[in-house]
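*Asks:* heads up, no residue letters with this:
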């Protein structure tokens, strides 16, 4: 059974290029009878003008032309923006060798017919190329929709993080106020600990969401420095014990060499890697489970390497899951993972961050119920002397009195931060929008201003710019305290005039230390 050929769209326009008037007439007549709109050209340069002016869907292009040949016309079309996606069908009654056909197709043509050809052969080839053109256009449209959806997704994640961080910042700053007195009983003590842990957990989930977005866009930039892995892992273990393993009655052990193990790395990102791995080990281990962090050094091809292994005796990993463990949202396909929480994005971040450091990460497990271990290998700079790595040191805050301005439109976050700063002995003024913030900067003359970015009226960037232009502006230390944490937003804050950019929620102890350090800078 012979099916009727599809009817061309009324908008289907074909350019017929041939210097032979009789051959051009016959091809145009055949195409018009088939229902296509046809325009003509009798030279290569005229064909290029028609392509630029009319943008046809397809060009039937003879190779032999009086000025420039059809292969050169096709090449120039592919180099121009307007002709890059137009289908080209080369025809020729003179150049019919295989070499010419190869040259034609390599030059950008989509099809080649040697004359004489049957009318149905020409029409079938034209229709096939037009179908291909429609499919490619649909793919281009889909790709554009995906790019737009990805852009909107990234904007949504940034706004979502900002909106989530505002209430999180208020809760985080409220804890020190609640803890001014001893808990009434063990139940209240436990509740306070739970609130503190969950605030930290929510903050990390928000960071993971945004980091995945930045990873997929290639926007993560590392701040390189020399880092002692021993010191960093002690810090990770201490934090994990306080927030994860001790509340779950799990045993956490740390095995380190006696000498410092230095790596060239981003300290913050490195801590994020190992915190994530220890959190996972704790999450997928039952109460009473055992977790070990072990650091060892070795040589690989003459180069020093550091290997950090995080082991647990928890639920283990099924063999079929291991190959996809580091894939984004891989946990969504593992039923047991759902009962353990998490977004399935942490290990994707781990792999990406490790690879950015020039290392690799590997997961091992004998199967379900047999525990697991994740091994991170990094390039190291080893001295192998007997100098012990430096212990962590902390400093107590000295009570100081400073004039601090809070510019924050979230009333709860503003009030809690004000109460906390006043508890520390500071004099505090508040503003709820950008214009009010500028007014307070001029009248209150603060030494330090904590300014949110997403403000009504004028945003925090404009507040900083106007502050720097005011009489007292240069003497005020401006801190962007905001839910927007992308690198470009940090750069925009510094360019606008901020001295520092902090992402909510800021740990109260860090804020206290910051105020002390900025006091020292102000004195200097």
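*Replies:* That came in fine, so what should we check first? No experiment lies behind these values; they were computed from the predicted model shown. Numbering: from 1, shown residues only.

*Asks:* quick one, helices of the stretch 151-300 of the chain?
*Replies:* Secondary structure of the stretch 151-300 of the chain (DSSP state H, counting those that start in this stretch): helices at 186-217, 229-240, 267-283.

*Asks:* which residues touch the nearest residue to residue 222 once chain neighbours are set aside?
*Replies:* Using Cβ to Cβ, 6 or more residues apart in numbering and skipping the chain neighbours, the partner closest in space to residue 222 is residue 266 (4.0 Å). No exception for glycine: its C-beta is placed from N, CA and C like everyone else's. Counting by Cβ atoms under 8 Å, 6 or more residues apart in numbering, residue 266 makes contact with 222-225, 357.

*Asks:* possible to save the residues you listed as TSV with pLDDT?
*Replies:* Converted to TSV, these look like this (pLDDT from 0 to 100):
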residue	pLDDT
222	76
223	77
224	83
225	85
357	88
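
*Asks:* Can you tell me which of these has the most neighbours?
*Replies:* residue 357 (21 neighbours; other Cβ atoms under 10 Å).

*Asks:* that's a strand at residue 112, yeah?
*Replies:* Yes. Assessed with DSSP: H, G, I helix; E, B strand; the rest coil, residue 112 lies in a strand.

*Asks:* hang on, isn't it packed against residue 90?
*Replies:* Yes. Residue 112 lies in contact with residue 90 (Cβ atoms under 8 Å); the separation is 4.8 Å.

*Asks:* returning to what we had before: rank the helices of the stretch 151-300 of the chain by pLDDT, which is bottom?
*Replies:* Set side by side, the helices of the stretch 151-300 of the chain give their lowest mean pLDDT on helix 186-217, at a mean of 73.

*Asks:* quick revisit: can I get the helices of the stretch 151-300 of the chain in CSV with distance to residue 124?
*Replies:* Shown next, in CSV, are the helices of the stretch 151-300 of the chain (distance: least, Cβ to Cβ, whole Å):
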stretch, distance to residue 124
helix 186-217, 43
helix 229-240, 67
helix 267-283, 58
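
*Asks:* Output those helices in CSV, with mean neighbour count appended to each entry.
*Replies:* Shown next, in CSV, are the helices of the stretch 151-300 of the chain (neighbours: other Cβ atoms under 10 Å):
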stretch, mean neighbour count
helix 186-217, 16
helix 229-240, 20
helix 267-283, 21
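
*Asks:* now for those helices, which one comes closest to residue 171?
*Replies:* Relative to residue 171, the nearest member of the helices of the stretch 151-300 of the chain by Cβ to Cβ is helix 186-217, separated by 5.6 Å.

*Asks:* Tell me the pLDDT of residue 519.
*Replies:* 52.

*Asks:* Wasn't residue 467 part of a helix?
*Replies:* Yes. The assignment for residue 467 (three-state DSSP) places it in a helix.

*Asks:* Walking through the stretch 301-450 of the chain, point out its helices one by one.
*Replies:* Counting by DSSP H, counting those that start in this stretch, the helices of the stretch 301-450 of the chain are 335-338, 346-356, 411-423, 434-444.

*Asks:* how about JSON lines for those helices, with distance to residue 52 added?
*Replies:* As requested, these are exported to JSON lines (distance: least, Cβ to Cβ, whole Å):
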{"stretch": "helix 335-338", "distance to residue 52": "57"}
{"stretch": "helix 346-356", "distance to residue 52": "44"}
{"stretch": "helix 411-423", "distance to residue 52": "58"}
{"stretch": "helix 434-444", "distance to residue 52": "49"}
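
*Asks:* where does residue 463 fall, phi/psi-wise?
*Replies:* phi -60, psi -50 (degrees, to the nearest 10).

*Asks:* what's the spacing between it and residue 414?
*Replies:* 15 Å (Cβ to Cβ, to the nearest Å).

*Asks:* Looking at the two, which one has more neighbours?
*Replies:* Neighbours per residue, other Cβ under 10 Å: of residue 463 and residue 414, the larger number sits with residue 463, 31 against 22.

*Asks:* wait, the more buried one sits on residue 457?
*Replies:* No. Residue 463 is beyond contact range of residue 457, at 9.1 Å (criterion: Cβ under 8 Å).

*Asks:* quick one: common contacting residues for these two?
*Replies:* residue 434.

*Asks:* Residue 112 and residue 90: who's more crowded?
*Replies:* Per other Cβ under 10 Å, whichever of residue 112 and residue 90 has more neighbours is residue 90, with 29 against 20.

*Asks:* partners of residue 373 in the sheet?
*Replies:* When assigned by DSSP bridges, residue 373 has beta-bridge partners residue 311, residue 364.

*Asks:* Tell me which residues touch it, please.
*Replies:* Per Cβ under 8 Å, 6+ apart, neighbours of residue 373: 309-312, 363-365.

*Asks:* circling back to that earlier point, any chance of JSON lines for the contacts of residue 266, columns distance to residue 443?
*Replies:* Compiled in JSON lines, the contacts of residue 266 are given as follows (distance: Cβ to Cβ, whole Å):
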{"residue": "222", "distance to residue 443": "42"}
{"residue": "223", "distance to residue 443": "38"}
{"residue": "224", "distance to residue 443": "43"}
{"residue": "225", "distance to residue 443": "41"}
{"residue": "357", "distance to residue 443": "49"}
